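Engineer: attaching a predicted model along with its sequence, questions to come.
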Amino acid sequence: MSTTPATDERVRKASLLTRALRRTEVGSLLGAIAIFILFSATDTTGNFGQLPGIAGWTDIAAPIGIVAIAVALLMIAGEFDLSSGVIVGTTGLIIGMLVQEFNMNIWLAILLAMIFAAGIGLMNGYLVVKTKLPSFIITLATFFVLKGANMAFTMIVTGSVRVTGTDKAPGFKSAFDLFSGTFKIGTESFQNSLLWWVGLAIVATVVLTRTKFGNWIFAAGGDANAARNAGVPVARTKISLFVLTSLAGALVGTIDVLRLQGMQAGQGVGQEFYYIIAAAVGGTLLTGGAGSAIGASIGAIIMGMAYIGIPFSLWNSDWTSTFLGIILFSAVMINTYIGRKAAGGKR
Amino acid sequence: MATPTLELVDVEKSFGSVIANQGISIKVDAATVTCILGDNGAGKSTLIKTLSGVHKPSKGEYLVDGQKVDFNSPRDALDAGIATVFQDLATIPLMAVWRNFFIGNEIEYGWGPFKLLNVKKMKEIAKQELLAMGIDLRDTNQPIGTLSGGERQAVAIARAVYFGAKVLILDEPTSALGVRQSGIVLKYVLAAKERGVAVIFITHNPNHAFLVGDRFYLLNRGRLLASMERETADIDELTKAMAGGKDLEALTTEIESVRGAKNK
């Protein structure tokens, strides 16, 4: 190596490994690789690491990943959204009912459902910022209000616990192709939701690391007071992220209702925890101020692999949630440990 | 003499029946350090808040460059070039130094909604500006939380200077720091002064004030007790005046008699 100025010389002191580990995604990536190796070894179908297996677990991971990215951004800004699961059902049901009852064009129904979801996000965000109550409580309330409304409205409107016949809507074909169609890699069909997910992960990463808004997200979650003193519009940043989270849920609701050509009133309930698990496994700090979209996506991949890997290994799939619980605990433990080690600069 | 950069004329601030500041007249010149000293409850906080635009004076005049001003918010004061560095509320620990430096003032490139951060330029400027203040960092990409308390204060000072502060108000910048760290901060106070900034240094430590100050104002019970220029001031006088002169003498004799009684 040639001689470099003294100041640059010292930058190199942080080893490549330390610098890599300083990135929150790396811990979860190592975890994902370990789980991939585990299931590849225990797999009895010979497909887990092949295209059919990958198509299977990305299909499960994609809808989790789409919302988990938005949830991660919101968590970085220091807030939770427990209504992010139920909104999937709410928007799917709205689309289904508008089609079933009014024979509405599917595109218009999707637009209206998106506007409704944005309204819910706006309300969540506004209430959190105005009342200064924990977002955990406010969105928990929203969760239960919507959960009840989903059931009650579906019963009133359809007389049953599900809406059906979404495929009969005008414009269904074009919407289906965009949201719930498939594309081929080799001989294997992959769901379009995978493309939505990857696209969102790229956009979210650019926004988070390379835009002013991304800077404000980290600042709002890192220290809201200091951010405000520096002129960051903390309230606006948080409200935007609540809206984004609801819209991500609405996107998954749209994908689901088109794919299933109908929807159950209980759809989406309980999913909010999967999003939070994916974000946390991916290195998002629960107290805010740190995290990444890539990390949340890796968290979603880990969950997808578990859901496919367990039956492929002929294990009892009743234990899937237990497995995920252990993964969550170990991942957050390891991330925290690595984070403390790598932050080491503290003198 | 030139017009002071900042001047208060007979300012009073009251909250209902409580008079927090009364008859405060101070002058702050460019490229000097003006120290405002006072014990707890002397009215320092109210004075800082008045200067930084949080409070409006109930009476009296607030002049910047000889012009009367009327600030409605800290943002107004900031726009007029009056920046305040609060002790703990200055930086975001988990964010990189350069991000902290530019937070709220990010440099972007691109068009319309597709603007991206000019990371390279911001890192360069942050490194260069910090170096100009004598802060030599290994890497502006490290989280600011990995810096010491003194260094963090220094980054906040450098940031305020870079973004055009002509008056820099420092709220007890050394009170939570050890001797060495305090030394670092005092060095940057002088560096800011060298760059032509009018520094207002608020402290209850007369030793720190005496090291850097050009002019000293003493607050006690909301009033201006004394004002001294560097040439005429001496540290004992300052300390005594701060504690209320006679009170301190009485306290000294009392403590000495207690110690004497014990030693017998």
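Structural biologist: Here it is on my side, so go on. Remember, predicted model here, so these are calculated numbers, not experimental data.
Engineer: okay, CA-based contacts and neighbour counts for the rest of this
Structural biologist: OK.
Engineer: any idea how far B:Met95 is from the closest residue to chain B within the stretch 51-200 of chain A?
Structural biologist: With Cα to the nearest Cα, the shortest gap between the stretch 51-200 of chain A and chain B falls at A:Ile76, namely 11.1 Å. Per Cα to Cα, to the nearest Å, A:Ile76 is found 12 Å from B:Met95.
Engineer: where do the contact lists of those two overlap?
Structural biologist: Counting by Cα atoms under 8 Å, 6 or more residues apart in numbering or on different chains, the shared contacts of A:Ile76 and B:Met95 are A:Phe218, A:Gly222, A:Gly289.
Engineer: could you say what helices and strands the helix or strand the first one falls within packs with?
Structural biologist: Pointing back at A:Phe218 there. Per DSSP states H and E, A:Phe218 falls inside helix A:212-222. Contact analysis of helix A:212-222 by 3 or more Cα pairs under 8 Å, 6 or more residues apart in numbering or on different chains; DSSP states H and E lists helix A:51-76, helix A:193-210, helix A:224-229, helix A:234-260 as its packing neighbours.
Engineer: who does the longest one touch, helix- and strand-wise?
Structural biologist: What that stands for is helix A:234-260. Secondary elements touching helix A:234-260 (3+ Cα pairs under 8 Å, 6+ apart): helix A:51-76, helix A:86-102, helix A:106-131, helix A:172-179, helix A:212-222, helix A:224-229.
Engineer: how far out from the middle of the chain is the shortest one?
Structural biologist: Here the centre of mass of C-alpha atoms in helix A:224-229, compared against the chain's by Cα atoms, centre = their mean, to the nearest Å, lies 27 Å away.
Engineer: report the contact partners of the closest residue in space to A:Gly119 that isn't next to it in sequence.
Structural biologist: With Cα to Cα, 6 or more residues apart in numbering or on different chains as the criterion, A:Gly119 has its nearest non-adjacent residue at 7.4 Å, and that residue is A:Val243. Residues near A:Val243 by Cα under 8 Å, 6+ apart: A:Ala117, A:Ala118, A:Gly119, A:Ile120, A:Gly121, A:Leu122, A:Gly125.
Engineer: mind checking how far A:Val243 is from A:Met75?
Structural biologist: 13 Å.
Engineer: who are the contact partners of A:Ile310?
Structural biologist: Per Cα under 8 Å, 6+ apart, neighbours of A:Ile310: A:Phe39, A:Asn316, A:Ser317, A:Thr320.
Engineer: give me the number of residues near the third one?
Structural biologist: Counted with other Cα atoms under 10 Å in any protein chain shown, the burial measure for A:Ser317 works out to 17 neighbours.
Engineer: ok now stretch A:92-102, how far from the chain's centre?
Structural biologist: Distance, centroid of stretch A:92-102 to centroid of chain: 25 Å (Cα atoms, centre = their mean).
Engineer: just the CA trace of that stretch, in PDB.
Structural biologist: The C-alpha trace of stretch A:92-102 is given here as PDB (Å, rounded to 0.1, in the frame of the first residue of the first chain):
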ATOM      1  CA  GLY A  92     -59.700  -6.400   0.700                       C
ATOM      2  CA  LEU A  93     -63.200  -6.400   2.000                       C
ATOM      3  CA  ILE A  94     -63.900  -2.900   0.800                       C
ATOM      4  CA  ILE A  95     -62.800  -3.900  -2.700                       C
ATOM      5  CA  GLY A  96     -64.800  -7.100  -2.600                       C
ATOM      6  CA  MET A  97     -68.000  -5.500  -1.300                       C
ATOM      7  CA  LEU A  98     -67.900  -2.600  -3.800                       C
ATOM      8  CA  VAL A  99     -67.600  -5.100  -6.500                       C
ATOM      9  CA  GLN A 100     -70.200  -7.600  -5.200                       C
ATOM     10  CA  GLU A 101     -72.800  -5.000  -4.200                       C
ATOM     11  CA  PHE A 102     -72.400  -2.300  -6.800                       C
END
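Engineer: okay, buried residues for it please.
Structural biologist: A:Gly92, A:Leu93, A:Ile94, A:Ile95, A:Gly96, A:Met97, A:Leu98, A:Val99, A:Gln100 (16 or more other Cα atoms under 10 Å in any protein chain shown).
Engineer: stretch A:116-133 too?
Structural biologist: Buried-residue list, stretch A:116-133, by 16+ other Cα under 10 Å: A:116-129.
Engineer: stretch B:91-106 now?
Structural biologist: Judged by neighbour count using 16+ other Cα under 10 Å, the buried positions of stretch B:91-106 are B:91-104, B:106.
Engineer: tell me the contacts of the residue nearest the centre of chain A?
Structural biologist: Chain A has A:Ala68 as the residue nearest its centroid, 1.3 Å off, counting by Cα atoms, centre = their mean. A:Ala68 makes contact with A:Tyr274, A:Tyr275, A:Ile276, A:Ala278, A:Ala279, A:Ala296, A:Ser297, A:Ala300, according to Cα under 8 Å, 6+ apart.
Engineer: residues from the stretch 51-200 of chain B in reach of chain A?
Structural biologist: B:75, B:89-95, B:99, B:103-104, B:106, B:108, B:115-119, B:137-139, B:145-148 (Cα under 8 Å from any Cα of the partner chain).
Engineer: low-confidence stretches in the stretch 1-150 of chain A?
Structural biologist: A:1-24 (pLDDT under 70).
Engineer: rewinding a little: mind putting the contacts of A:Ile310 in a markdown table, secondary structure and distance to B:Ala2 included?
Structural biologist: Converted to a markdown table, those look like this (DSSP: H, G, I helix; E, B strand; the rest coil; distance: Cα to Cα, whole Å):
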| residue | secondary structure | distance to B:Ala2 |
| --- | --- | --- |
| A:Phe39 | helix | 79 |
| A:Asn316 | coil | 85 |
| A:Ser317 | helix | 82 |
| A:Thr320 | helix | 77 |
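Engineer: returning to what we had before: I figured the residue of the stretch 51-200 of chain A closest to chain B hits A:Gly288, correct?
Structural biologist: Yes: counting by Cα atoms under 8 Å, A:Gly288 is a contact partner of A:Ile76 at 4.3 Å.
Engineer: where do the contact lists of these two overlap?
Structural biologist: In terms of Cα under 8 Å, 6+ apart, A:Ile76 and A:Gly288 are both contacted by the residues A:Phe218, A:Gly221, A:Gly222.
Engineer: quick one: which of the buried residues of stretch A:92-102 is nearest A:Leu208?
Structural biologist: Taking Cα to Cα as the measure, A:Leu208 lies nearest A:Gly92 of these, at 28.7 Å.
Engineer: so what's the closest one up against?
Structural biologist: Here A:Gly92 is in contact with A:Ala113, A:Ala250, A:Gly253, A:Thr254, A:Asp256, A:Val257, A:Gly262, A:Met263 (criterion: Cα under 8 Å, 6+ apart).
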